[in-house]
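Participant: One predicted model, sequence on top.
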Amino acid sequence: MNYMELRNSEIRISEMILGCWALGGGYTWGEQEEADSIATVHAALDLGINTFDTAEFYGGGRSEEVLGKALQGRRDSAVISTKVWVENMTREGLISSCEGSLKRLGTDHIDLYLIHWPNREVALEETLEAMLSLERSGKVRSIGVCNFGAGDLEAACKISPPAVDQLPYSLLFRAVEFEVLDACLEHKVPALAYSALAQGLLTGKFTSAED
């Protein structure tokens, strides 16, 4: 497994990351067996994947809870990336969300904390300043953004360059090749791909439209 170091940190993330949205079950993924989810996390760790991507939105927090259970006794081997939902971008909302994520994950710090989506109703300065305060407090080790296009990324970089911009990118979804990846290169912000297997469509699991 290859690893890369996040900007201005000692955090080393694996180039392959386990997306944990499905661990939360819910309307998108259906019911999930907790034991299977925990076994999946353990298998990933055993294979050298040290980074796990989740969010407070996934399964209404259920994904974070399951990931936290799976990492009991192995937290020091893992890098946790989680995201604050778009409705919680005020300073008060963000700090409260962070506390909730910490509790569900069963940890005293989040390694990489991301803005899940841009919010046009709350000043980006307020959101990023709140995240930076969490970083200074030690509750967050590094901050980044998710789903930020070229303009949003430029605005964020003027305040505090994010460690990453997490973007949807796969053989079936390549929209970020237009302007967005160029913006990441220009601002020296690594692009962190999500849904690289197109939510399972590229795994060979589905053989027909009905599937």
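Facilitator: All right, it came through fine.
Participant: What are the buried residues along the helix or strand that residue 130 is a member of?
Facilitator: Element membership for residue 130 (DSSP states H and E) is helix 124-137. Buried residues in helix 124-137, counted by 16 or more other C-beta atoms under 10 Å: 124, 127-128, 130-131, 134-135. C-beta: built from backbone N, CA, C; applies to glycine.
Participant: Now tabulate those residues in CSV and tack on distance to residue 80 and pLDDT.
Facilitator: Formatted as CSV, those follow (distance: C-beta to C-beta, whole Å; pLDDT from 0 to 100):
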residue, distance to residue 80, pLDDT
124, 24, 98
127, 20, 98
128, 20, 98
130, 19, 98
131, 15, 98
134, 14, 98
135, 15, 97
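Participant: Could you pull out the buried residues of the following helix or strand past the helix holding residue 130?
Facilitator: The first helix or strand that comes after helix 124-137 along the chain, using DSSP H and E, is strand 140-146. Within strand 140-146, the residues scored as buried using 16+ other C-beta under 10 Å are 140-146.
Participant: And stretch 36-53, by the same measure?
Facilitator: Here stretch 36-53 shows 37-38, 40-41, 44-45, 49-53 as buried, counting by 16+ other C-beta under 10 Å.
Participant: hang on, the earlier thing: determine which two of the buried residues of strand 140-146 are furthest apart.
Facilitator: For those, the farthest-apart pair by C-beta to C-beta is 141 and 146; their separation is 16.7 Å.
Participant: Tell me where the protein has strands.
Facilitator: Ranges of strands in the chain, per DSSP state E, are 3-5, 12-14, 18-19, 51-53, 79-84, 110-115, 140-146, 165-168, 191-194.
Participant: Show me what the second one is packed up against.
Facilitator: So the one you mean is strand 12-14. Strand 12-14 sits against strand 3-5, strand 79-84, with contacts defined as 3 or more C-beta pairs under 8 Å, 6 or more residues apart in numbering; DSSP states H and E.
Participant: Out of the ones you listed, which one sits most buried?
Facilitator: strand 79-84 (a mean of 26; mean count of other C-beta atoms under 10 Å).
Participant: circling back: so which of the strands of the chain gets nearest residue 153?
Facilitator: Of all the strands of the chain, strand 165-168 comes closest under C-beta to C-beta, at 5.7 Å.
Participant: Mind listing the strands that closest one pairs with, and their directions?
Facilitator: strand 140-146 (parallel), strand 191-194 (parallel) (DSSP bridges).
Participant: can you list contacts of that strand?
Facilitator: Residues outside strand 165-168 that contact it (C-beta atoms under 8 Å, 6 or more residues apart in numbering): 53, 114, 144-148, 153, 175-176, 180-181, 184, 189-195.
Participant: ok, and for the helix or strand bottoming out on mean pLDDT in the chain, which residues are buried?
Facilitator: Lowest by mean pLDDT, DSSP states H and E among the helices and strands of the chain is helix 26-29, with a mean of 89. Applying a neighbour-count criterion of 16+ other C-beta under 10 Å, one finds 26, 29 buried in helix 26-29.
Participant: what's that helix packed up against?
Facilitator: Packing partners of helix 26-29 (3+ C-beta pairs under 8 Å, 6+ apart): none among the helices and strands.
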